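Engineer: Next comes the sequence, and after it the predicted model I'd like to discuss.
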Amino acid sequence: MKRIPLVVTAAFLAMAPLATATLAVAQQSLTHWPRQCRGDIGRVCRAVAKEEDKTILTCLQENETRLSQGCRKLLQSYGHVPENAGKRR
C-alpha cells in the first residue's frame with residue numbers, strides 16, 4: 001500500500017475547513033430566496049448568484065423565458081415579470 005506523505009495529508013486537512021466554509025456561504029446566500037427559484041438562480045444566473053438580491057432579480061427578469069414554471073409564476077405573482085412571461089417571442 002502506498003503511503004501518503006505527511007505534508008500532503010496536513011495540507012489537505014488544513015484546506016478542508018476553508019472549502020466547507022465556502023460551500024456553506026454559497027448555499028446560505030440563497031436560502032432566503034423562495035425554493036421555487038433557487039434552482040433557476042443556480043442554473044440561469046450562476047454568474048451573479050453571490051451578488052445582491054437586486055442583481056439576481058434583474059438576471060431572472062432578463063432570462064424570464066428560461067425560468068422554470070414555478071419560479072416564473074412566483075415572480076408573476078409579485079409583479080416582477082409580466083403575465084405572458086415564458087412564452088417564446
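Structural biologist: In hand now; what should we look at?
Engineer: ok, which stretches of this structure are helices?
Structural biologist: 6-28, 35-44, 53-62, 69-77 (DSSP state H).
Engineer: pLDDT score assigned to the closest residue to Cys71 other than its chain neighbours?
Structural biologist: Using C-beta to C-beta, 6 or more residues apart in numbering and skipping the chain neighbours, the partner closest in space to Cys71 is Cys37 (4.0 Å). Every residue, glycine included, has its C-beta placed from N, CA and C. Per-residue confidence at Cys37 stands at 96 (pLDDT).
Engineer: do Thr20 as well
Structural biologist: Looking at Thr20, the pLDDT reads 43.
Engineer: And for Met1?
Structural biologist: pLDDT, read off for Met1, is 54.
Engineer: how much space is there between Arg72 and Arg38?
Structural biologist: Distance from Arg72 to Arg38, counting by C-beta to C-beta, to the nearest Å: 14 Å.
Engineer: Repeat that for Ile56.
Structural biologist: For Ile56, the distance to Arg38 equals 10 Å [C-beta to C-beta].
Engineer: Then Asn84?
Structural biologist: Taking C-beta to C-beta as the measure, Asn84 falls 24 Å from Arg38.
Engineer: And Cys59, by the same measure?
Structural biologist: 13 Å.
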